[in-house]
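K.L.:
How does the following fold in three dimensions:
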Amino acid sequence: MTTTHTGTPEGQVLVVGAGPTGLTLAAQLLARGIHVRVIDKGAGPASQSRALSIQARTLELLDTMGLADAFVGHGHRVRRLHWYASQRNLCDLDLARNGSRYGFVLDLPQSRTETLLRARVQELGGTIEQGVELARLAERGGAVDATLRDAAGRESEVSAGYVVGCDGAHSRVRHEIGLPFEGQPYPQDWLLADVALDGAGSDGAVHAFFRPNGLPLVCIPMGGQRWRLVMANAGDRGGQPPTFAEIQEQVAERAPWPIEVSDPQWLASFRCHLRSTSSYRRGRVLLAGDAAHIHSPAGGQGMNTGMMDAHNLAWKLALVADGRAPRHLWPGAHPCRVRRARVHQQARRTVDHAELGQAGRAGHRRSRREPHADGPARCGPPRCPSSRSPTRGARWSSPTATAAGRSPEIGSPTSTSVASTDRRGCITCSATDATC
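P.N.:
The predicted model follows:
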(Lines give C-alpha, C1' and ligand atoms only; values in the text may rest on other atoms or scores of the structure.)
Protein backbone atom coordinates (compact mmCIF):
# COMPACT_ATOMS: atom_id res chain seq x y z
CA MET A 1 0.00 0.00 0.00
CA THR A 2 1.73 3.20 -1.12
CA THR A 3 1.01 6.81 -0.39
CA THR A 4 -0.40 8.90 -3.20
CA HIS A 5 -2.69 11.93 -3.58
CA THR A 6 -3.15 11.82 -7.32
CA GLY A 7 -6.08 9.45 -7.62
CA THR A 8 -3.88 6.42 -8.33
CA PRO A 9 -5.38 3.12 -7.13
CA GLU A 10 -3.02 2.61 -4.16
CA GLY A 11 -3.05 3.75 -0.58
CA GLN A 12 -5.20 6.84 -0.28
CA VAL A 13 -7.24 5.89 2.83
CA LEU A 14 -7.01 3.06 5.36
CA VAL A 15 -10.30 2.53 7.22
CA VAL A 16 -9.96 0.62 10.50
CA GLY A 17 -13.24 -1.03 11.46
CA ALA A 18 -16.04 -2.46 9.32
CA GLY A 19 -19.11 -1.61 11.35
CA PRO A 20 -21.82 0.72 10.01
CA THR A 21 -19.57 3.80 10.37
CA GLY A 22 -16.58 2.32 8.57
CA LEU A 23 -18.69 0.73 5.85
CA THR A 24 -20.58 3.97 5.19
CA LEU A 25 -17.31 5.87 4.93
CA ALA A 26 -15.72 3.26 2.66
CA ALA A 27 -18.72 3.15 0.33
CA GLN A 28 -18.88 6.92 -0.02
CA LEU A 29 -15.14 7.22 -0.62
CA LEU A 30 -15.18 4.44 -3.21
CA ALA A 31 -18.10 6.12 -4.99
CA ARG A 32 -15.94 9.25 -5.27
CA GLY A 33 -13.08 7.33 -6.85
CA ILE A 34 -10.87 7.08 -3.74
CA HIS A 35 -8.88 3.90 -3.22
CA VAL A 36 -9.82 2.51 0.20
CA ARG A 37 -8.46 -0.38 2.20
CA VAL A 38 -10.79 -1.65 4.94
CA ILE A 39 -9.59 -3.87 7.77
CA ASP A 40 -11.57 -5.36 10.64
CA LYS A 41 -10.33 -7.58 13.42
CA GLY A 42 -13.62 -9.47 13.64
CA ALA A 43 -14.55 -12.58 11.71
CA GLY A 44 -17.39 -10.95 9.75
CA PRO A 45 -20.63 -8.99 10.11
CA ALA A 46 -22.29 -8.66 13.49
CA SER A 47 -24.14 -11.84 14.41
CA GLN A 48 -26.43 -10.15 16.97
CA SER A 49 -29.07 -7.55 16.23
CA ARG A 50 -27.21 -4.86 18.30
CA ALA A 51 -28.09 -1.33 17.09
CA LEU A 52 -31.64 -1.34 15.81
CA SER A 53 -33.16 2.06 15.02
CA ILE A 54 -32.38 3.99 11.82
CA GLN A 55 -33.56 7.59 12.01
CA ALA A 56 -35.08 9.64 9.19
CA ARG A 57 -31.95 11.70 8.56
CA THR A 58 -29.88 8.52 8.22
CA LEU A 59 -32.41 7.22 5.68
CA GLU A 60 -31.95 10.48 3.76
CA LEU A 61 -28.20 9.78 3.83
CA LEU A 62 -28.80 6.25 2.54
CA ASP A 63 -31.02 7.69 -0.17
CA THR A 64 -28.04 9.69 -1.52
CA MET A 65 -26.20 6.36 -1.70
CA GLY A 66 -29.06 4.64 -3.53
CA LEU A 67 -29.68 2.32 -0.59
CA ALA A 68 -32.75 3.70 1.19
CA ASP A 69 -35.27 1.54 -0.69
CA ALA A 70 -33.32 -1.63 0.11
CA PHE A 71 -33.14 -0.71 3.79
CA VAL A 72 -36.83 0.16 4.00
CA GLY A 73 -37.70 -3.08 2.21
CA HIS A 74 -35.91 -5.14 4.86
CA GLY A 75 -36.87 -3.11 7.94
CA HIS A 76 -39.91 -2.49 10.11
CA ARG A 77 -41.42 1.00 10.12
CA VAL A 78 -42.26 2.58 13.48
CA ARG A 79 -44.46 5.63 13.07
CA ARG A 80 -45.31 6.55 16.66
CA LEU A 81 -43.78 6.81 20.13
CA HIS A 82 -46.01 6.18 23.16
CA TRP A 83 -44.80 7.18 26.64
CA TYR A 84 -46.69 5.98 29.72
CA ALA A 85 -46.61 6.79 33.42
CA SER A 86 -47.94 3.56 34.88
CA GLN A 87 -51.08 3.05 32.77
CA ARG A 88 -51.55 6.72 31.84
CA ASN A 89 -50.51 7.77 28.32
CA LEU A 90 -48.16 10.74 28.78
CA CYS A 91 -47.14 11.38 25.20
CA ASP A 92 -48.02 10.19 21.70
CA LEU A 93 -45.50 11.35 19.07
CA ASP A 94 -46.45 11.06 15.40
CA LEU A 95 -43.22 10.73 13.42
CA ALA A 96 -45.01 11.48 10.15
CA ARG A 97 -44.61 15.15 11.16
CA ASN A 98 -40.81 15.05 11.20
CA GLY A 99 -40.44 17.03 7.96
CA SER A 100 -38.81 14.16 6.08
CA ARG A 101 -40.18 11.90 3.36
CA TYR A 102 -39.23 9.14 5.82
CA GLY A 103 -41.88 9.82 8.43
CA PHE A 104 -40.86 6.93 10.65
CA VAL A 105 -38.00 5.23 12.46
CA LEU A 106 -36.84 2.11 10.63
CA ASP A 107 -36.06 -0.82 12.91
CA LEU A 108 -33.51 -3.11 11.30
CA PRO A 109 -30.97 -5.32 13.09
CA GLN A 110 -27.40 -4.08 12.78
CA SER A 111 -26.41 -7.41 11.26
CA ARG A 112 -28.68 -6.67 8.31
CA THR A 113 -27.51 -3.06 8.10
CA GLU A 114 -23.91 -4.25 7.83
CA THR A 115 -24.84 -6.84 5.19
CA LEU A 116 -26.45 -4.20 2.98
CA LEU A 117 -23.54 -1.79 3.39
CA ARG A 118 -20.99 -4.54 2.70
CA ALA A 119 -22.79 -5.39 -0.51
CA ARG A 120 -22.50 -1.76 -1.63
CA VAL A 121 -18.79 -1.65 -0.80
CA GLN A 122 -18.26 -4.78 -2.87
CA GLU A 123 -20.35 -3.41 -5.76
CA LEU A 124 -18.01 -0.43 -5.83
CA GLY A 125 -14.96 -2.67 -6.06
CA GLY A 126 -13.94 -2.60 -2.40
CA THR A 127 -12.95 -5.51 -0.20
CA ILE A 128 -13.03 -6.00 3.57
CA GLU A 129 -10.09 -7.76 5.16
CA GLN A 130 -11.45 -9.73 8.12
CA GLY A 131 -9.28 -10.93 10.97
CA VAL A 132 -6.82 -8.07 10.45
CA GLU A 133 -6.21 -5.54 13.23
CA LEU A 134 -4.16 -2.41 13.67
CA ALA A 135 -1.11 -2.91 15.88
CA ARG A 136 0.76 0.40 15.57
CA LEU A 137 0.59 3.78 13.83
CA ALA A 138 3.21 6.40 13.04
CA GLU A 139 2.82 9.51 10.87
CA ARG A 140 5.77 10.19 8.59
CA GLY A 141 5.75 13.32 6.48
CA GLY A 142 3.00 12.98 3.92
CA ALA A 143 1.88 9.50 4.96
CA VAL A 144 0.85 7.30 7.87
CA ASP A 145 2.76 4.05 8.44
CA ALA A 146 0.58 1.31 9.93
CA THR A 147 1.52 -2.09 11.30
CA LEU A 148 -1.22 -4.65 10.71
CA ARG A 149 -1.57 -8.02 12.42
CA ASP A 150 -3.59 -10.94 11.04
CA ALA A 151 -5.37 -13.68 12.96
CA ALA A 152 -2.24 -15.86 12.89
CA GLY A 153 -0.17 -13.12 14.50
CA ARG A 154 1.78 -12.22 11.36
CA GLU A 155 2.56 -8.51 11.03
CA SER A 156 2.91 -6.42 7.89
CA GLU A 157 3.79 -2.77 7.27
CA VAL A 158 1.59 -0.58 5.07
CA SER A 159 1.46 3.11 4.28
CA ALA A 160 -1.58 5.27 3.56
CA GLY A 161 -2.29 8.91 2.91
CA TYR A 162 -4.87 8.97 5.70
CA VAL A 163 -6.12 6.58 8.38
CA VAL A 164 -9.66 6.75 9.80
CA GLY A 165 -10.48 4.98 13.05
CA CYS A 166 -14.00 3.58 12.93
CA ASP A 167 -13.07 0.88 15.43
CA GLY A 168 -15.50 1.57 18.24
CA ALA A 169 -15.39 2.63 21.86
CA HIS A 170 -12.14 0.74 22.55
CA SER A 171 -10.51 2.27 19.48
CA ARG A 172 -6.94 1.21 18.86
CA VAL A 173 -6.56 4.15 16.49
CA ARG A 174 -7.56 6.62 19.20
CA HIS A 175 -5.11 4.96 21.59
CA GLU A 176 -2.28 5.17 19.07
CA ILE A 177 -2.68 8.91 18.52
CA GLY A 178 -3.00 9.57 22.26
CA LEU A 179 -6.40 11.28 22.36
CA PRO A 180 -8.12 11.05 25.77
CA PHE A 181 -11.66 9.68 25.93
CA GLU A 182 -13.09 11.97 28.57
CA GLY A 183 -16.30 11.22 30.42
CA GLN A 184 -17.70 8.71 32.87
CA PRO A 185 -19.74 5.51 33.09
CA TYR A 186 -23.38 5.45 34.04
CA PRO A 187 -23.96 4.12 37.56
CA GLN A 188 -25.88 0.94 36.68
CA ASP A 189 -26.11 -1.72 34.00
CA TRP A 190 -28.72 -1.99 31.26
CA LEU A 191 -30.48 -5.13 30.04
CA LEU A 192 -31.41 -5.93 26.43
CA ALA A 193 -33.56 -8.78 25.20
CA ASP A 194 -34.79 -9.70 21.71
CA VAL A 195 -37.96 -11.70 22.33
CA ALA A 196 -41.52 -12.36 21.23
CA LEU A 197 -44.13 -10.29 23.08
CA ASP A 198 -47.87 -10.45 23.52
CA GLY A 199 -49.70 -7.53 25.13
CA ALA A 200 -47.22 -4.67 24.76
CA GLY A 201 -49.35 -2.76 22.25
CA SER A 202 -49.31 -1.95 18.54
CA ASP A 203 -46.16 -3.02 16.67
CA GLY A 204 -46.30 0.27 14.77
CA ALA A 205 -45.11 2.17 17.84
CA VAL A 206 -42.41 2.17 20.48
CA HIS A 207 -43.92 1.80 23.95
CA ALA A 208 -41.96 3.31 26.87
CA PHE A 209 -43.26 2.62 30.38
CA PHE A 210 -42.09 4.69 33.36
CA ARG A 211 -42.76 4.00 37.03
CA PRO A 212 -42.22 5.98 40.25
CA ASN A 213 -39.56 3.48 41.35
CA GLY A 214 -37.28 4.53 38.47
CA LEU A 215 -37.43 1.18 36.66
CA PRO A 216 -38.44 1.87 33.04
CA LEU A 217 -39.31 -0.63 30.32
CA VAL A 218 -39.01 0.23 26.63
CA CYS A 219 -40.55 -2.09 24.03
CA ILE A 220 -39.30 -1.58 20.47
CA PRO A 221 -41.00 -3.53 17.65
CA MET A 222 -38.72 -5.33 15.20
CA GLY A 223 -41.42 -6.82 12.97
CA GLY A 224 -42.68 -10.37 12.67
CA GLN A 225 -43.81 -10.41 16.33
CA ARG A 226 -40.24 -9.78 17.47
CA TRP A 227 -39.48 -7.01 19.99
CA ARG A 228 -36.44 -5.44 21.60
CA LEU A 229 -36.76 -4.86 25.33
CA VAL A 230 -34.55 -2.20 26.95
CA MET A 231 -34.35 -1.95 30.73
CA ALA A 232 -32.16 0.60 32.51
CA ASN A 233 -31.25 0.63 36.23
CA ALA A 234 -30.51 -3.09 36.39
CA GLY A 235 -27.89 -2.79 39.13
CA ASP A 236 -24.22 -3.70 38.97
CA ARG A 237 -24.10 -7.08 37.24
CA GLY A 238 -20.42 -7.10 36.35
CA GLY A 239 -21.26 -7.78 32.70
CA GLN A 240 -23.19 -10.94 33.51
CA PRO A 241 -25.96 -11.47 30.88
CA PRO A 242 -29.47 -12.04 32.20
CA THR A 243 -31.27 -15.34 32.12
CA PHE A 244 -34.63 -15.57 30.39
CA ALA A 245 -36.27 -16.05 33.79
CA GLU A 246 -34.75 -12.74 34.93
CA ILE A 247 -36.12 -10.98 31.85
CA GLN A 248 -39.58 -12.34 32.58
CA GLU A 249 -39.34 -11.18 36.20
CA GLN A 250 -38.13 -7.71 35.19
CA VAL A 251 -40.94 -7.27 32.64
CA ALA A 252 -43.53 -8.35 35.21
CA GLU A 253 -42.12 -5.79 37.67
CA ARG A 254 -41.80 -2.89 35.24
CA ALA A 255 -44.83 -3.27 32.93
CA PRO A 256 -48.10 -1.60 34.00
CA TRP A 257 -50.14 -4.55 32.75
CA PRO A 258 -49.43 -8.23 31.97
CA ILE A 259 -47.08 -8.72 29.00
CA GLU A 260 -46.23 -12.26 27.92
CA VAL A 261 -42.57 -12.79 27.00
CA SER A 262 -41.37 -15.81 25.01
CA ASP A 263 -38.85 -17.13 22.49
CA PRO A 264 -35.66 -15.26 23.51
CA GLN A 265 -33.06 -14.86 20.75
CA TRP A 266 -30.50 -12.52 22.32
CA LEU A 267 -30.04 -11.49 25.95
CA ALA A 268 -27.37 -8.99 26.98
CA SER A 269 -26.20 -6.79 29.84
CA PHE A 270 -23.95 -3.78 29.41
CA ARG A 271 -22.67 -0.66 31.16
CA CYS A 272 -23.20 2.62 29.29
CA HIS A 273 -20.60 5.39 29.19
CA LEU A 274 -20.85 9.07 28.29
CA ARG A 275 -17.49 9.93 26.70
CA SER A 276 -16.07 12.06 23.91
CA THR A 277 -12.76 13.18 22.48
CA SER A 278 -12.01 16.88 22.20
CA SER A 279 -10.78 16.44 18.62
CA TYR A 280 -11.67 14.13 15.76
CA ARG A 281 -8.26 14.39 14.09
CA ARG A 282 -4.57 14.38 14.81
CA GLY A 283 -2.46 14.99 11.73
CA ARG A 284 -3.44 12.51 9.03
CA VAL A 285 -5.34 10.26 11.42
CA LEU A 286 -9.07 10.81 11.98
CA LEU A 287 -11.81 9.33 14.17
CA ALA A 288 -15.50 8.68 13.51
CA GLY A 289 -18.42 7.10 15.31
CA ASP A 290 -17.97 5.38 18.67
CA ALA A 291 -14.21 5.86 18.43
CA ALA A 292 -14.89 9.58 19.00
CA HIS A 293 -18.06 9.64 21.17
CA ILE A 294 -20.31 7.22 23.04
CA HIS A 295 -23.48 7.65 25.11
CA SER A 296 -26.49 5.72 26.31
CA PRO A 297 -28.87 4.04 23.84
CA ALA A 298 -31.72 6.38 24.85
CA GLY A 299 -33.14 7.82 21.64
CA GLY A 300 -31.43 5.21 19.45
CA GLN A 301 -28.76 7.61 18.19
CA GLY A 302 -25.43 5.78 18.49
CA MET A 303 -25.20 4.06 15.09
CA ASN A 304 -26.95 6.98 13.40
CA THR A 305 -24.40 9.44 14.77
CA GLY A 306 -21.54 7.31 13.46
CA MET A 307 -23.03 7.01 9.99
CA MET A 308 -23.57 10.77 9.89
CA ASP A 309 -19.94 11.26 10.95
CA ALA A 310 -18.89 9.11 8.00
CA HIS A 311 -21.18 11.00 5.61
CA ASN A 312 -19.85 14.36 6.81
CA LEU A 313 -16.23 13.23 6.53
CA ALA A 314 -16.37 11.32 3.23
CA TRP A 315 -16.77 14.20 0.79
CA LYS A 316 -14.13 16.30 2.55
CA LEU A 317 -11.63 13.47 2.77
CA ALA A 318 -12.22 12.56 -0.88
CA LEU A 319 -11.37 16.10 -1.99
CA VAL A 320 -8.29 16.31 0.22
CA ALA A 321 -7.01 12.83 -0.62
CA ASP A 322 -7.31 13.62 -4.33
CA GLY A 323 -5.44 16.89 -3.91
CA ARG A 324 -8.46 18.98 -4.90
CA ALA A 325 -8.82 20.74 -1.55
CA PRO A 326 -6.41 21.81 1.21
CA ARG A 327 -6.11 19.81 4.40
CA HIS A 328 -7.61 22.65 6.44
CA LEU A 329 -10.97 21.72 4.90
CA TRP A 330 -11.37 19.97 8.24
CA PRO A 331 -9.69 21.46 11.33
CA GLY A 332 -8.34 19.30 14.13
CA ALA A 333 -11.09 20.38 16.50
CA HIS A 334 -13.50 22.70 14.74
CA PRO A 335 -15.52 24.79 17.25
CA CYS A 336 -18.71 23.43 15.71
CA ARG A 337 -17.85 19.79 16.37
CA VAL A 338 -16.57 20.47 19.88
CA ARG A 339 -19.71 22.47 20.70
CA ARG A 340 -21.93 19.76 19.24
CA ALA A 341 -20.24 17.15 21.44
CA ARG A 342 -20.72 19.30 24.54
CA VAL A 343 -24.33 20.17 23.73
CA HIS A 344 -25.00 16.52 22.99
CA GLN A 345 -23.58 15.42 26.34
CA GLN A 346 -25.71 18.02 28.14
CA ALA A 347 -28.84 16.91 26.28
CA ARG A 348 -27.99 13.24 26.80
CA ARG A 349 -27.78 13.68 30.57
CA THR A 350 -31.17 15.38 30.64
CA VAL A 351 -32.81 12.71 28.49
CA ASP A 352 -31.22 9.87 30.44
CA HIS A 353 -32.42 11.28 33.76
CA ALA A 354 -35.93 11.53 32.37
CA GLU A 355 -35.78 8.03 30.94
CA LEU A 356 -34.55 6.60 34.21
CA GLY A 357 -37.50 8.12 36.02
CA GLN A 358 -35.33 10.57 37.96
CA ALA A 359 -36.50 13.86 36.45
CA GLY A 360 -39.60 15.69 37.56
CA ARG A 361 -41.40 18.53 35.89
CA ALA A 362 -38.37 20.83 36.15
CA GLY A 363 -36.23 18.19 34.47
CA HIS A 364 -38.66 17.97 31.59
CA ARG A 365 -38.50 21.76 31.22
CA ARG A 366 -34.71 21.49 31.03
CA SER A 367 -34.95 18.75 28.41
CA ARG A 368 -36.74 21.19 26.15
CA ARG A 369 -34.31 24.02 26.81
CA GLU A 370 -30.80 22.65 27.35
CA PRO A 371 -30.16 21.02 23.96
CA HIS A 372 -30.41 24.50 22.43
CA ALA A 373 -28.45 26.40 25.06
CA ASP A 374 -25.70 27.25 22.58
CA GLY A 375 -27.85 27.30 19.47
CA PRO A 376 -29.32 24.36 17.51
CA ALA A 377 -26.87 21.46 17.64
CA ARG A 378 -26.77 20.81 13.93
CA CYS A 379 -24.14 21.12 11.26
CA GLY A 380 -25.31 20.62 7.70
CA PRO A 381 -23.12 18.52 5.41
CA PRO A 382 -23.82 18.98 1.72
CA ARG A 383 -26.25 16.55 0.18
CA CYS A 384 -24.10 15.73 -2.82
CA PRO A 385 -24.42 12.78 -5.20
CA SER A 386 -21.55 10.33 -4.93
CA SER A 387 -20.34 11.17 -8.44
CA ARG A 388 -20.10 14.91 -7.78
CA SER A 389 -18.23 16.94 -5.20
CA PRO A 390 -19.82 19.98 -3.54
CA THR A 391 -17.16 22.21 -5.07
CA ARG A 392 -18.30 21.37 -8.58
CA GLY A 393 -21.86 22.53 -8.54
CA ALA A 394 -23.45 19.77 -6.52
CA ARG A 395 -26.78 20.85 -5.08
CA TRP A 396 -26.83 21.62 -1.39
CA SER A 397 -30.16 20.90 0.22
CA SER A 398 -31.65 22.10 3.47
CA PRO A 399 -34.38 19.62 4.40
CA THR A 400 -35.93 20.14 7.78
CA ALA A 401 -36.14 17.28 10.20
CA THR A 402 -37.04 16.60 13.78
CA ALA A 403 -34.36 16.35 16.37
CA ALA A 404 -35.02 12.63 16.68
CA GLY A 405 -34.85 12.14 12.91
CA ARG A 406 -32.05 14.37 11.79
CA SER A 407 -29.68 15.57 14.45
CA PRO A 408 -27.75 12.87 16.31
CA GLU A 409 -26.89 15.46 18.91
CA ILE A 410 -30.47 16.04 19.99
CA GLY A 411 -31.69 12.50 20.34
CA SER A 412 -34.48 13.02 22.80
CA PRO A 413 -38.02 12.03 21.86
CA THR A 414 -39.14 14.78 24.25
CA SER A 415 -37.72 17.40 21.90
CA THR A 416 -39.66 18.14 18.74
CA SER A 417 -37.81 21.23 17.58
CA VAL A 418 -36.91 21.46 13.91
CA ALA A 419 -33.62 22.81 12.58
CA SER A 420 -32.41 23.32 9.05
CA THR A 421 -29.28 24.65 7.41
CA ASP A 422 -28.08 25.52 3.93
CA ARG A 423 -25.01 26.75 2.09
CA ARG A 424 -25.08 30.11 3.85
CA GLY A 425 -23.37 28.52 6.85
CA CYS A 426 -23.56 26.32 9.89
CA ILE A 427 -26.34 27.32 12.25
CA THR A 428 -24.31 26.16 15.25
CA CYS A 429 -20.97 27.91 14.74
CA SER A 430 -21.92 30.48 12.04
CA ALA A 431 -19.16 29.24 9.74
CA THR A 432 -19.66 30.55 6.23
CA ASP A 433 -17.61 27.87 4.45
CA ALA A 434 -17.69 24.09 4.29
CA THR A 435 -15.35 23.46 7.21
CA CYS A 436 -17.84 22.36 9.85
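K.L.:
Can you give me the buried ones in stretch 28-45?
P.N.:
28-32, 34-41, 45 (16 or more other CB atoms under 10 Å). Backbone N, C-alpha and C define where each C-beta goes, glycine included.
K.L.:
how long is that stretch end to end?
P.N.:
19 Å (CA to CA, to the nearest Å).
K.L.:
From the buried residues of stretch 28-45, which land in helices?
P.N.:
Those of the buried residues of stretch 28-45 mapping onto helices are Gln28, Leu29, Leu30, Ala31, per DSSP state H.
K.L.:
rewinding a little: what's the closest of the buried residues of stretch 28-45 to Gly165?
P.N.:
Ile39 (11.1 Å; CB to CB).
K.L.:
so the closest one bridges to which residues?
P.N.:
Val16, Glu129 (DSSP bridges).
K.L.:
likewise Ser269?
P.N.:
Here Ser269, judged by DSSP bridges, has bridge partners Leu191.
K.L.:
Verify the contact between it and Ala234 for me.
P.N.:
Yes. Between Ser269 and Ala234 there is a contact under CB atoms under 8 Å: 6.8 Å.
K.L.:
between those two, what contacts are shared?
P.N.:
Taking CB atoms under 8 Å, 6 or more residues apart in numbering as the criterion, Ser269 and Ala234 both touch Asp189, Trp190, Leu191, Pro242.
K.L.:
Relative to Gly126, which of these is nearest.
P.N.:
Looking across the shared contacts of Ser269 and Ala234 and measuring by CB to CB, the closest to Gly126 is Trp190, at 34.5 Å.
K.L.:
Please determine how far the nearest residue to the closest one once chain neighbours are set aside is located from Gln48.
P.N.:
Nearest residue to Trp190, sequence neighbours excluded (CB to CB, 6 or more residues apart in numbering): Ala232, at 5.2 Å. To Gln48, Ala232 is 19 Å away according to CB to CB, to the nearest Å.
K.L.:
just Leu137 next, same as before
P.N.:
Relative to Gln48, and taking CB to CB, Leu137 is found at 29 Å.
K.L.:
between the two, which one's more packed in?
P.N.:
Leu137 (23 against 13; other CB atoms under 10 Å).
K.L.:
give me every residue that touches that one.
P.N.:
Going by CB under 8 Å, 6+ apart, Leu137 touches Val144, Asp145, Ala146, Thr147, Val163, Val173, Glu176, Ile177, Val285.
K.L.:
check which helix or strand covers it.
P.N.:
Per DSSP states H and E: Leu137 is located in strand 132-140.
K.L.:
Find the nearest non-adjacent residue to the residue most central in space within the chain, please.
P.N.:
By CA atoms, centre = their mean, the chain has its centre lying nearest to Met303, at 2.2 Å. Excluding the flanking residues, the one nearest Met303 by CB to CB, 6+ apart is Ala51, at 3.7 Å.
K.L.:
Let me know the secondary structure of the one you found.
P.N.:
coil (DSSP: H, G, I helix; E, B strand; the rest coil).
K.L.:
What are the neighbouring residues in contact with it?
P.N.:
Contacts of Ala51 by CB under 8 Å, 6+ apart are Pro20, Gln110, Thr113, Gly300, Gly302, Met303.
K.L.:
Show me which of these is closest to Gly238.
P.N.:
Ranked by distance to Gly238 (CB to CB), the contacts of Ala51 are led by Gly302 at 22.6 Å.
K.L.:
That closest one touches Asp309, doesn't it?
P.N.:
No. Gly302 is beyond contact range of Asp309, at 11.1 Å (criterion: CB under 8 Å).
K.L.:
circling back to that earlier point, among the buried residues of stretch 28-45, list the two that are farthest apart in space.
P.N.:
Arg32 and Lys41 (26.3 Å).
K.L.:
check contacts around Asp203.
P.N.:
Counted by CB under 8 Å, 6+ apart, Asp203 has contacts His76, Pro221, Gly223, Gln225, Trp227.
K.L.:
pLDDT wise, what is Gly19 at?
P.N.:
Here the pLDDT value assigned to Gly19 is 96.
K.L.:
returning to that earlier point: of the contacts of Leu137, buried ones?
P.N.:
Using 16+ other CB under 10 Å, the buried members of the contacts of Leu137 are Val144, Asp145, Ala146, Val163, Val173, Glu176, Ile177, Val285.
K.L.:
Just give me the closest of those residues to Gly238.
P.N.:
Of all these, the one sitting nearest Gly238 is Val173; the distance, using CB to CB, is 28.3 Å.
K.L.:
Checking my notes, Leu197 in a strand, right?
P.N.:
Yes. With three-state DSSP as the criterion, Leu197 is part of a strand.
K.L.:
Who are the contact partners of it?
P.N.:
Leu197 touches Cys219, Gln225, Trp227, Leu229, Ile259, Glu260, Val261, Ser262, counting by CB under 8 Å, 6+ apart.
K.L.:
burial count for the first one?
P.N.:
Residues near Cys219, counting by other CB under 10 Å, number 23.
K.L.:
Quick one: end-to-end distance for stretch 135-149.
P.N.:
Start-to-end, stretch 135-149 (CA to CA) is 6 Å.
K.L.:
What separation do you get for Gly75 and Pro221?
P.N.:
11 Å.
K.L.:
pLDDT weak spots in the stretch 51-200 of the chain?
P.N.:
Under the criterion pLDDT under 70, no range of the stretch 51-200 of the chain is flagged.
K.L.:
show me where it has strands.
P.N.:
Listed in chain order, the strands of the stretch 51-200 of the chain (DSSP state E, counting those that start in this stretch) span 53-54, 76-78, 80-85, 88-94, 105-107, 128-130, 132-140, 143-150, 155-160, 162-165, 182-198.
K.L.:
can you tell which of those is closest to Leu329?
P.N.:
Minimum separation from Leu329 across those (CB to CB) falls at strand 162-165, 12.2 Å.
K.L.:
quick one: the closest one to chain centroid distance?
P.N.:
Offset of strand 162-165 from its chain centre (CA atoms, centre = their mean, to the nearest Å): 18 Å.
K.L.:
ok, it: who's next to it in the sheet?
P.N.:
strand 13-16 (parallel), strand 285-287 (parallel).
K.L.:
Give me the distance between the helix or strand following the last one and the centre of its chain.
P.N.:
The reference is to strand 285-287. Using DSSP H and E, the next helix or strand after strand 285-287 towards the C-terminus is strand 293-294. Taking CA atoms, centre = their mean, the mean C-alpha location of strand 293-294 is offset from the chain mean by 9 Å.
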